[in-house]
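Enquirer: A structural model of the following input is requested.
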Amino acid sequence: MSSSRHRGLQTNVLGTFDTVVMAVAGSAPAYTLAATTAVLAGAVGLAGPAALLYGAIPMLGIALAFSYLSRIDVNAGASYSWVGRTLHPFLGFMSGWALVISATIFMVAGSLPAGSMTLSLFGEGLADNTGLATVVGAAWFLTMLAAVLGGARLTVRAQLVMSGVEVFILGVFVVGALLHSPNVRPFDWSWLGFSHFDGVHGFASGALIAAFYYWGWDVTSNLSEETRNSRRTTGLASLIGVCTVFLLFEVFTIAVNVILSSRQIHHNDANVLAVLGEEIWPGWGGRLLIVAVMLSTVATLETTLIQVTRSLFAMGRDRTMPGALGRVHRTWNTPWVAVAVVGAVALAMFVAANSLGSISDILARAVSAIGLQIAVYYGLTGLAVVVAYRKTLLQSPARLLFAGVWPLLGALFMLWVFVESLGQLDSVSITIGVGGLAVGLVPMLWYWKQGSEYYRPAQLDAARAIEMDYVPDGHATAVAQQSRTHEGLPTDF
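Expert: Next up is the predicted model:
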């Protein structure tokens, strides 16, 4: 085409294995454990394994929702498109906006530990210097920004190296944790029950943090326009990703309960994984896990950048945000304007983050704020799949369960967690979380008044898609991709 404004993303770049790697990297197991274990322990104590277990069940329901919706609408905006075409365009825009805001906040929450971990390799005292960690973290961020700008193929090659080494190191330490002794306390099955939660409010706090743990696997849906056989691949990769990180999170959280004391967790709140590594293999274990966390952090910065830039690309393409965001670079086939805008905003936030206090304070507030925003767009997506498939749910028990009941329960759980958590969080977390969502009302109403076609959508109907063996999509990029990989809709799980 003559103008980059109308160019689409490069199709058929990613295969099934590539997409699974992206799903695991999106949830960033090593980074999440390092940055969030102390936050989880502070909120629920020894109930961390239970919070992750009961958080995984509704999260699988949301993953199923993404899987089924991706079969009938291939769109880089994912939830933004699906919710808008099933529930209401306003809700769809806010769903996309929630992802954009949460991902942008994560640029700071992810980059600071990357800087801190890098500095800790050269001296323990350096790791607590927020200003220096910000500078080093910003350098990592800019490196990943360049990789994302270079295209999906370059991105996935980097992920294969970083995530491969990360998961291998974590696997070695899983074995080490199982063989470790002596321990601070013996394993207790009550850690997987409800007895250690401080009532309903404590359970909700743990569930909100668990949502942050798992968040990121849905990057596969944002990459759907660049994936081969995406109607099947993106959903399958999401489910594999959630199950993989659940096992890693559960094993390591139990290991923390067994091996580390409450005092060790409290005094090393931004570096718990390194302390665990040092306990398992003194001398080199801590440093090896620091390397894993660095790789994980850098990897998830990359996947988060993909999520936010692809979402903004879809919004720009639909003219619900400035149309320039929908421009694709002629050479790299990436939404270069969206990448540049996200980079500029994130760098400004690095400076602002220093006013929030120490690295641990910044992380705790960021996790809570992001958790609220995740609960919104995951919850809305869970409702969207039920509406899209409502005419076909009774055609088979599998579809009723996997496209109806399970996603619906997951959606209700996420929305309940959002409401329940509002009474528990501090004012800064609520201001960042809810205030960030409220800012989205400005562009939503502005472009609605401008007459964007997004606000007059074709209803997303699974029954029609299945009957016609056709994926209804208003964008030429996605239609072209489906014509290249045309095949019947996959069967139910």
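
Enquirer: what's the longest helix in the protein?
Expert: Looking only at the chain and at elements set by DSSP state H, the helix with the highest residue count is helix 285-318.

Enquirer: For it, buried residues please.
Expert: When neighbours are counted by 16 or more other C-beta atoms under 10 Å, the buried residues of helix 285-318 are found to be 285-286, 288-318. Placement of C-beta: from N, CA and C, glycine included.

Enquirer: Quick one: residues in contact with the following helix or strand past it.
Expert: Elements were assigned by DSSP states H and E; along the chain past helix 285-318, the next helix or strand is helix 336-353. Taking C-beta atoms under 8 Å, 6 or more residues apart in numbering as the criterion, the residues outside helix 336-353 that touch it are 104-105, 107-108, 111-112, 134, 137-138, 141-142, 145, 148-149, 305, 308-310, 312-313, 316, 324-329, 362.

Enquirer: for stretch 431-438, same thing?
Expert: Stretch 431-438 is contacted by residues 94, 97-98, 101-102, 105, 365-366, 368-373, 376, 422, 425 when judged by C-beta under 8 Å, 6+ apart.

Enquirer: Alpha carbons of it, as PDB, please.
Expert: This file holds the C-alpha atoms of stretch 431-438, laid out as PDB (Å, rounded to 0.1, in the frame of the first residue of the first chain):
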ATOM      1  CA  THR A 431      -5.700   6.800  42.900                       C
ATOM      2  CA  ILE A 432      -3.200   5.100  40.500                       C
ATOM      3  CA  GLY A 433      -5.500   2.100  39.800                       C
ATOM      4  CA  VAL A 434      -8.900   3.700  39.500                       C
ATOM      5  CA  GLY A 435      -7.700   7.200  38.500                       C
ATOM      6  CA  GLY A 436      -5.800   5.700  35.600                       C
ATOM      7  CA  LEU A 437      -9.000   4.000  34.400                       C
ATOM      8  CA  ALA A 438     -10.900   7.300  34.800                       C
END
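
Enquirer: Pretty sure residue 379 sits against residue 415.
Expert: Yes: in terms of C-beta atoms under 8 Å, residue 379 counts as a neighbour of residue 415; the distance is 4.1 Å.

Enquirer: Which of these two has more residues huddled nearby?
Expert: It is residue 379, of residue 379 and residue 415, that has more neighbours when counted by other C-beta atoms under 10 Å, with 26 against 17.

Enquirer: For the more buried one, which non-adjacent residue is spatially closest?
Expert: Closest residue to residue 379 apart from its sequence neighbours, by C-beta to C-beta, 6 or more residues apart in numbering: residue 414 at 3.6 Å.

Enquirer: Just to be sure, that neighbour is in a helix?
Expert: Yes: if the criterion is DSSP: H, G, I helix; E, B strand; the rest coil, then residue 414 is within a helix.

Enquirer: For it, give me its contacts.
Expert: Residues near residue 414 by C-beta under 8 Å, 6+ apart: 58, 62, 211, 374-376, 378-379, 382.

Enquirer: What distance do you get for it to residue 349?
Expert: Computed with C-beta to C-beta, to the nearest Å, the distance linking residue 414 and residue 349 is 25 Å.

Enquirer: Tell me the first helix or strand C-terminal of whichever strand or helix holds residue 94.
Expert: Assessed by DSSP H and E, residue 94 sits inside helix 89-120. Counting by DSSP H and E, the element after helix 89-120 in chain order, helix or strand, is helix 130-149.

Enquirer: any residues touching that next one, and which ones?
Expert: Contacting residues not belonging to helix 130-149 are listed as 107, 110-116, 118-119, 126-127, 154-155, 158, 297-298, 301-302, 305-306, 309, 329, 332, 334, 336, 339, 342-343, 346-347, 350-351, 353-354, 357-359, 362 [C-beta under 8 Å, 6+ apart].

Enquirer: That one versus helix 89-120: what angle between them?
Expert: In terms of direction (axes from the mean of the first three to the mean of the last three C-alpha atoms, to 10 degrees), helix 130-149 departs from helix 89-120 by 120 degrees.

Enquirer: Hey, what's the angle from the longest helix of the chain to helix 336-353? Just curious.
Expert: Per the same axes, to 10 degrees, the angle that helix 285-318 makes with helix 336-353 is 130 degrees.

Enquirer: chain center to helix 285-318, what's the gap?
Expert: 9 Å (C-alpha atoms, centre = their mean, to the nearest Å).
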